[in-house]
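Visitor: Sequence first, then the predicted structure, then my questions.
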Amino acid sequence: MLQTLPTTGYLRLSQIISQSEVTEEQAASNCKTGKGPKRARPGIPAVIPVSPATWWAGAKTGRFPKDIKPFGGNTTMWRVEDIRALLAQSGENAA
């Protein structure tokens with residue numbers, strides 16, 4: 001199922017390629033082992049179902065939109081308009 005995109009704004013990579021759900025129990029276990037997400041979080045369905053490596057390689061070659069850092073620092077994001085244009089170009093429905 002395709003996620004509904006906002007009309008305008010910015011998206012983080014997890015909002016584009018998906019984010020797996022982490023339950024309270026998994027988060028507690030991760031705190032003990034020191035591996036994985038330490039907080040519970042909802043799952044986010046993929047708008048563009050590719051791996052992070054594929055996404056970054058595609059962004060580097062121009063297949064996917066170029067990332068921006070609208071707030072400075074290490075916050076990497078993509079413009080919603082660029083993602084909608086990519087979906088329109090590929091024939092997907094950008095809801």
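Guide: Great, that's in hand.
Visitor: Could I get the full set of strands for the protein?
Guide: Taking DSSP state E, the strands of the chain run over residues 10-11, 78-79.
Visitor: count of neighbours near the residue lying closest to A46 once chain neighbours are set aside?
Guide: Closest residue in space to A46, ignoring its immediate chain neighbours: S18 at 3.7 Å, by C-beta to C-beta, 6 or more residues apart in numbering. Where C-beta positions appear, they are placed from N, C-alpha and C, glycine not excepted. A count of neighbours around S18, defined by other C-beta atoms under 10 Å, yields 18.
Visitor: ditto for the one 5 residues further on
Guide: Here the number of neighbours of T23 (other C-beta under 10 Å) works out to 10.
Visitor: Could you measure from it over to R41?
Guide: Noted for T23: a distance of 9 Å to R41, by C-beta to C-beta, to the nearest Å.
Visitor: so what's the residue nearest to A46 up against?
Guide: S18 sits next to 43-46, 49 when contact means C-beta atoms under 8 Å, 6 or more residues apart in numbering.
Visitor: repeat that with 10 Å
Guide: The neighbours of S18, taking C-beta atoms under 10 Å, 6 or more residues apart in numbering as the test, are 3, 43-52.
Visitor: Just name the lowest-scoring one in the residues you listed, pLDDT-wise.
Guide: By pLDDT, Q3 ranks lowest within the contacts of S18, coming in at 59.
Visitor: which stretches of this protein form helices?
Guide: 13-17, 24-33, 52-61, 80-90 (DSSP state H).
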